[in-house]
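K.L.:
Sequence below, structure please.
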Amino acid sequence: MRKPSFLGEFLADSLHVGSVVPSSDFLTRKMLPVTIPWRKINRIAELGPGTGVFTKYVERERSPNSRFYLFERNEAFRNVLKRKFPELAILDDALRLGEVVQETGLKFDLIISGLPFANFDSSLQELLFHDIYNAMADNGTFVAFQYTPLLRRKFQAHFPIVDAGYTWLNVPPAWVFRCRKRRASAHRKPE
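P.N.:
So this is what the prediction gives:
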């Protein structure tokens, strides 16, 4: 069985694979700073984990009592994740977030995303933002990286609180959006 490469998977499906190389340690630290209160986080989701760069870090830091779910559409990457993290629940589509919330009755405290939103059409972006927002606990955080700042307005349209940062130390350089929602607010489903 061949080990998938980011370049190969990008060339095969650039709509869903957003990069030709895995994320850097610098991006990991920007996405998941040391200030995260891991002991208070009970439910974690990672959307588009690829080969598990962020997953590895979260696995090392998270509370042993927390639940961690991975959502990866790419079959080759899913197989890598199953070998690396056999104890984690790995689902095939980020749009299944709501399904997990409905089955468990619990929302996510932290949602991490490597999804290439810029590659998606606006209807898929809307569906994803809607599902992510509704899957977040009231005090939950959604953190995503993108390769363009042009999506900032999209994030701000869906999340009342958005902080943005940037790291040059990634290939390509990346923007990080850290989003929160207001306590007990509702989010309308896209038409």
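K.L.:
biggest helix in the protein, by residue count?
P.N.:
Counting residues, the longest helix in the chain under DSSP state H turns out to be helix 122-135.
K.L.:
which residues touch the helix or strand just after that helix?
P.N.:
For helix 122-135, the following helix or strand on the C-terminal side (DSSP states H and E) is strand 136-146. Outside strand 136-146, the residues within contact range by Cβ atoms under 8 Å, 6 or more residues apart in numbering are 23, 27, 30-32, 43, 107-118, 132-133, 155, 159, 174-181, 183-184. To be clear about C-beta, it is placed using only N, CA and C from the backbone, and glycine gets the same treatment.
K.L.:
Which ones among those residues lie within helices?
P.N.:
If you go by DSSP H, those have 27, 30-31, 132-133, 155 in helices.
K.L.:
The residues you listed: which two are farthest apart?
P.N.:
Taking every pair in the ones in helices among the contacts of strand 136-146 and measuring Cβ to Cβ, the maximum separation is 23.5 Å, between Leu27 and Tyr133.
K.L.:
residues contacting the closest residue to Leu128 other than its chain neighbours?
P.N.:
Residue nearest to Leu128 in three dimensions, not counting chain neighbours: Ala94, with 6.2 Å by Cβ to Cβ, 6 or more residues apart in numbering. Neighbour list for Ala94: 47-48, 71, 73, 113, 115, 128, 131-132 [criterion: Cβ under 8 Å, 6+ apart].
K.L.:
Taking those together, which two end up most distant?
P.N.:
Based on Cβ to Cβ, the longest span within these runs between Arg73 and Ile132 and measures 15.1 Å.
K.L.:
Poorly predicted segments of this protein, please.
P.N.:
The chain contains residues with pLDDT under 70 at 1-23, 182-191.
K.L.:
So which residues of it form strands?
P.N.:
Along the chain, the stretches classed as strands by DSSP state E are 43-47, 67-71, 89-91, 108-113, 136-146, 161-167, 174-180.
K.L.:
got CSV for these, with mean neighbour count and distance to Glu59 too?
P.N.:
As requested, those are exported to CSV (neighbours: other Cβ atoms under 10 Å; distance: least, Cβ to Cβ, whole Å):
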stretch, mean neighbour count, distance to Glu59
strand 43-47, 24, 10
strand 67-71, 21, 7
strand 89-91, 16, 13
strand 108-113, 24, 12
strand 136-146, 20, 17
strand 161-167, 14, 22
strand 174-180, 21, 20
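K.L.:
what's the closest non-adjacent residue to the residue positioned nearest the centre of the chain?
P.N.:
The structure's the chain has its C-alpha centroid closest to Ser113; by Cα atoms, centre = their mean the separation is 1.6 Å. Residue nearest to Ser113 in three dimensions, not counting chain neighbours: Ala144, with 3.8 Å by Cβ to Cβ, 6+ apart.
K.L.:
ok so, going back, spit out the contact partners of the residue nearest to the centre of the chain.
P.N.:
46-48, 94, 132, 142-145.
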